[in-house]
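Colleague: Sequence first, predicted coordinates after that:
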Amino acid sequence: MNKKAQGATIGFALLVVLFMIILVAFATIDPLKEALDNNRGTSSLNCPGTPGFNSTNYTSQTAFEKQVRRPTCFATGIYMFVFVGSILLAGVSWVYRNFRRVSPKR
């Protein structure tokens, strides 16, 4: 049996699965961004960069509102990058681990 060809075939199959995972991760970006912008643009958070942003209300926030709302805006702002990045990192590490397991020993 040709061990190198079998390892290459399994490696190619793993890369195809990784490609599908990447496609699904990138397909979730637009709906996730829209959902986050809807939540961040409400009058209760009023985050900058959203369609419903009110700059007058943003500048007149009290110290307590600044401590509560602005970190929440930051956390929800980077959530999409963290979510997609963790999917991509997990997919690449999964392919690497499984390919090392099935590849022939040299």
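Modeller: Cool, got the structure. Quick caveat: nothing in here was measured; it's all calculated off a predicted structure. Numbering: from 1, shown residues only.

Colleague: so which strand or helix has the residue nearest the centre of the chain?
Modeller: Centroid-nearest residue in the chain: Val84, 1.7 Å away (criterion: CA atoms, centre = their mean). In this structure, Val84 sits in helix 63-102 according to DSSP states H and E.

Colleague: helices and strands around that helix, which ones?
Modeller: On a contact count with 3 or more CB pairs under 8 Å, 6 or more residues apart in numbering; DSSP states H and E, helix 63-102 meets helix 3-27, helix 29-40. Backbone N, C-alpha and C define where each C-beta goes, glycine included.

Colleague: what's the angle between it and helix 29-40?
Modeller: Our comparison of helix 63-102 with helix 29-40, counting by axes from the mean of the first three to the mean of the last three CA atoms, to 10 degrees, yields an angle of 160 degrees.

Colleague: By neighbour count, which bits of helix 63-102 are buried? Give me those.
Modeller: Across helix 63-102, burial judged by 16 or more other CB atoms under 10 Å covers Arg69, Arg70, Cys73, Thr76, Gly77, Met80, Val84, Ile87, Gly91, Val95, Asn98, Phe99.

Colleague: so how far is Ile29 from Arg69?
Modeller: 25 Å (CB to CB, to the nearest Å).

Colleague: For the lowest-mean-pLDDT helix or strand in the chain, what is the distance to the chain centroid?
Modeller: When the helices and strands of the chain are scored by mean pLDDT, DSSP states H and E, helix 55-59 comes last with a mean of 88. Its chain's C-alpha centre and that of helix 55-59 lie 30 Å apart, by CA atoms, centre = their mean, to the nearest Å.

Colleague: which other residues reach that helix?
Modeller: Here helix 55-59 makes contact (CB atoms under 8 Å, 6 or more residues apart in numbering) with Ser43, Asn46, Pro48.

Colleague: Straight-line length of stretch 54-69, end to end?
Modeller: Its start and end residues considered, stretch 54-69 measures 14 Å (CA to CA, to the nearest Å).

Colleague: what's the answer for stretch 32-47, then?
Modeller: Start to finish, the residues bounding stretch 32-47 are 16 Å apart (CA to CA).
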